[in-house]
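Visitor: Just a sequence and a predicted model for now, questions to come.
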Amino acid sequence: MFERGSQIMKDFTREDVFAGVTVGVMAIPQSMAYAMLADLEPIYGLYTALLPPFIYALLGGSKQLHVGPVSMVSLLTATCIKKVEVHEPEMKAAVATLVALLAGIFQIGFGLTKLGSLVSFATLPIISGFTAGASVVVIVSQLQHIFGISVPSGVTTLHSFYNTVKYVLTTGFSPYSLVLGVLFLGMLWGAKHLSVKYPDYPALKAAGPLVVVCFGTAVTKGFELNQHGVAVIGAVPDGLPSMTSWGRVFEAAGDGPLQSIMNVVDSAFAISFISFMESIAVTKTLAVMHGYEVDANKELMALGTALISGSFFNGYGGAGAFSRSAVASSSGAKTQGAAMVAASIVGVTLLFLTPLFYYLPKGVLAAIVLHAVWGLIKVEDFWRNLELSKRDGALWMVAFLGTLYSVSFGLMFSVGISVCIVIKDTTVPIVERFGAVTLGNVTTYVPSHRVEAAREDPAVFIVGVTGMLHGGSVQALRAGFDRVRTAEEGKREGSGAYRVVIDMRAVPSMDTTALEAFVDLAKGLLPKHDAEGKHVVVLAGLQPDVLSIIESYLVLHEKRNIGNPAPFAIASTVPGAVFRASGQSSSVRSMSMV
């Protein structure tokens with residue numbers, strides 16, 4: 001850590017200062033807004049944006065990533081607080097702190113055990129569907145601040161939306177809040193339009209939230225709009241955060257440490273997953289842009305350590321923020337020092353500037369959140385996935401609808417379905433009849449029922465196997481072999497001798513249980529009149545692990561069955577296997593390589 005700090009100081013540039021100040025200015029209103037989304041006081045967003053960026057900068061691999069409050073993690077935190085059923089602001093903060101601690105521990109554990117690849121179970125359709133659903137949940141939760149009302153959240157997003165609409169129609173709303181909210185949104189979209197139109201000025205993107213905060217505060221104070229239904233955040237504590245009181249944390253989350261942990265562990269796991277998934281996506285994008293590499297497991301440990309450090313100073317869960325990291329990159333950040341400068345800006349704000357936020361309208365923070373998540377709803381992703389694959393389209397919709405019902409449930413349920421699909425795909429091998437397709441001077445072998453141009457060789461029965469072969473897949477393997485054998489016998493009806501080739505290119509592994517079944521099934525493909533063993537089955541394209549177990553089997557077979565032919569010959573390619581099968585004679589009795 002100290003070596004990293006020294007290296008950062010050595011490589012530190014003026015561009016890092018500019019990028020850090022720009023990101024810091026952007027982080028202040030965003031962090032406060034996301035804290036409100038997490039059902040916390042805005043000050044806890046600033047606490048979360050203080051220490052975690054420093055720690056990640058010292059341990060992480062990305063030079064532009066900015067760690068701090070983000071919308072999805074904030075939403076999951078709010079869901080956890082609602083589940084635990086605490087109502088006092090300090091108790092809510094205590095629950096959020098415990099969740100951040102456990103999420104960081106999960107991430108470090110995943111990193112130490114090299115489980116960074118687990119994120120791959122959250123496929124792109126799941127990520128897109130979850131993000132779209134979570135964005136809708138966020139929008140519904142923030143409508144009350146735009147209308148200047150206070151509405152209890154419902155059991156589901158639909159209930160919350162219904163409660164909001166019912167309150168507006170029956171009780172009314174603050175016209176001042178609504179007008180200001182729409183105005184704030186317009187200003188933010190205008191700033192975004194300018195940043196797109198003038199990409200050489202990245203500060204324009206960061207200036208939007210800051211300008212809205214300053215404008216909203218000035219207008220509210222100048223016209224005393226807080227006396228006319230415009231809700232303001234009120235007094236914000238000044239000074240740096242104090243150490244977390246863990247006794248208060250465990251009192252808030254449950255009756256003692258163990259029960260407290262059990263009450264929030266599922267939310268902590270979901271947050272650790274989403275936090276890393278969002279962070280590694282941003283990190284890899286930035287790494288490609290700037291020409292360096294990152295290690296997923298090291299990133300897990302760096303991010304986990306950052307979350308844990310924040311939890312000891314009243315911070316809640318965070319992640320690598322896409323918008324702030326993108327601004328850091330476009331502002332010319334060259335080292336992790338930019339994130340340290342940004343955190344320093346937050347620290348200065350905590351020490352000297354928090355009294356200025358008293359008249360900051362909650363509608364400003366709601367507008368910042370709404371502006372951030374609106375672009376994350378990409379319905380076109382659903383139609384694209386559905387067009388490419390009905391299964392992926394269904395996964396998108398499951399993640400989307402599940403998230404509307406419950407954010408944590410939507411994520412875990414859709415990922416669980418993805419895991420089940422992977423298990424199914426790996427435990428149900430595919431067995432198919434192959435035929436030859438010739439393109440120019442090249443002949444390849446493909447499933448004949450899928451490719452109309454594929455020609456089946458009457459002299460060689462070619463079968464392709466796809467999937468891992470293990471004890472759990474034996475039943476499906478047997479059913480597949482029986483199906484292709486029965487179909488082949490029906491076609492031939494005793495029309496004469498033929499040879500057998502099995503394409504094993506798509507079989508990455510095989511255990512001994514599957515091997516015993518495979519031997520019998522493979523020999524069962526031979527013509528019935530070959531019961532005396534005049535021919536062998538030729539295996540083609542064996543992967544290293546499969547080749548090793550087949551070779552060991554053949555060695556044992558030769559020792560135990562002296563004078564009897566080996567059941568297999570081996571070829572490195574399918575064309576070579578076809579050639580080998582076509583030319584093999586009854587004298588073949590041992591393993592050979594082609």
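Guide: Sure, I can see it.
Visitor: got the buried residues for stretch 450-457?
Guide: Buried residues in stretch 450-457, counted by 16 or more other Cβ atoms under 10 Å: 454, 457. In this view, the C-beta of every residue, glycine as well, is placed from N, C-alpha and C.
Visitor: what do you get for stretch 58-74?
Guide: The neighbour-count check on stretch 58-74 (16+ other Cβ under 10 Å) flags 58-74 as buried.
Visitor: next one: stretch 244-263
Guide: Under 16+ other Cβ under 10 Å, the buried positions of stretch 244-263 are 244, 246, 249-250, 252-254, 260-261, 263.
Visitor: tell me how far it is from the chain's mean position?
Guide: Its chain's C-alpha centre and that of stretch 244-263 lie 29 Å apart, by Cα atoms, centre = their mean, to the nearest Å.
Visitor: Then stretch 454-463?
Guide: Relative to the chain's own centre, stretch 454-463 is displaced by 43 Å; criterion: Cα atoms, centre = their mean.
Visitor: My guess is Pro57 contacts Ala339. True?
Guide: For residue 57 the amino acid is Ala, not Pro. Yes. In this structure Ala57 lies within contact range of Ala339 using Cβ atoms under 8 Å: 4.5 Å.
Visitor: The two: who's more crowded?
Guide: Neighbour tally, Ala57 and Ala339, criterion other Cβ atoms under 10 Å: the higher count belongs to Ala339, 35 against 27.
Visitor: Which pLDDT does the model give that one?
Guide: At Ala339, the model reports a pLDDT of 95.
Visitor: Next, the buried residues of the helix or strand where Asp266 lies.
Guide: Here Asp266, judged by DSSP states H and E, is contained in helix 257-290. If you call a residue buried by 16+ other Cβ under 10 Å, then helix 257-290 has these buried ones: 260-261, 263-264, 267-280, 282-283, 285-287.
Visitor: same deal with stretch 150-168?
Guide: By 16+ other Cβ under 10 Å, the buried positions in stretch 150-168 come out as 151, 153, 157, 160-161, 163-164, 167-168.
Visitor: Spatially, what comes nearest to Phe409 if we skip its sequence neighbours?
Guide: Spatially, and ignoring its direct neighbours in sequence, Phe409 is nearest to Gly402 (5.7 Å; Cβ to Cβ, 6 or more residues apart in numbering).
Visitor: So what's the residue count around the one you found?
Guide: Gly402 has 22 nearby residues by other Cβ under 10 Å.
Visitor: what's it sitting at in phi/psi?
Guide: phi -60, psi -40 (degrees, to the nearest 10).
Visitor: just the helices in the stretch 301-450 of the chain please.
Guide: Ranges of helices in the stretch 301-450 of the chain, per DSSP state H, counting those that start in this stretch, are 322-330, 337-348, 362-374, 379-388, 390-405, 407-427.
Visitor: mind putting those in TSV, distance to Glu452 included?
Guide: TSV is the format used below for these (distance: least, Cβ to Cβ, whole Å):
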stretch	distance to Glu452
helix 322-330	46
helix 337-348	57
helix 362-374	47
helix 379-388	22
helix 390-405	22
helix 407-427	26
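Visitor: quick one, which of these is nearest to Met36?
Guide: Proximity to Met36 (Cβ to Cβ) singles out helix 362-374 among these, at 5.0 Å.
Visitor: neighbouring contacts of the closest one?
Guide: Helix 362-374 has contacts (Cβ atoms under 8 Å, 6 or more residues apart in numbering) with 29-30, 32-34, 36-37, 42, 71, 134-135, 138-139, 142, 145-146, 148, 177, 180-181, 184-185, 188-189, 192, 208-209, 212-213, 216-217, 230-233, 323.
Visitor: the inter-axis angle of that helix versus helix 322-330?
Guide: Using axes from the mean of the first three to the mean of the last three Cα atoms, to 10 degrees, the direction of helix 362-374 lies 80 degrees away from that of helix 322-330.
Visitor: part of a strand, is Ile149?
Guide: No. With DSSP: H, G, I helix; E, B strand; the rest coil as the criterion, Ile149 is coil rather than part of a strand.
Visitor: what about it, neighbour count?
Guide: Other residues near Ile149 come to 19 when the count uses other Cβ under 10 Å.
Visitor: quick one, the helix holding Asp266 and helix 322-330 angle?
Guide: Angle of helix 257-290 versus helix 322-330, following the same axes, to 10 degrees, is 40 degrees.
Visitor: roughly how far is helix 257-290 from the heart of the chain?
Guide: Taking mean C-alpha positions (Cα atoms, centre = their mean), helix 257-290 and its chain are 9 Å apart.
Visitor: got a list of what the residue nearest to Phe409 touches?
Guide: Neighbour list for Gly402: 133, 409-411, 413-414 [criterion: Cβ under 8 Å, 6+ apart].
Visitor: likewise His66?
Guide: Contacts of His66 (Cβ under 8 Å, 6+ apart): 23, 27, 53, 320-321, 324-325, 328, 338-339, 342.
Visitor: for the stretch 101-250 of the chain, which spans come out with low pLDDT?
Guide: For the stretch 101-250 of the chain, applying pLDDT under 70 flags the ranges 120.
Visitor: 90 instead, please
Guide: Filtered on pLDDT under 90, the stretch 101-250 of the chain yields the residue ranges 113-124, 126-128, 131, 152-157, 191-208, 210, 229, 247-248, 250.
Visitor: tell me the helices in it, going along the chain?
Guide: For the stretch 101-250 of the chain, helices defined by DSSP H, counting those that start in this stretch occupy the ranges 124-147, 157-170, 175-197, 203-222, 246-253.
Visitor: Please name whichever of these is nearest to Val95.
Guide: helix 246-253 (5.0 Å).
Visitor: Done for today, thanks.
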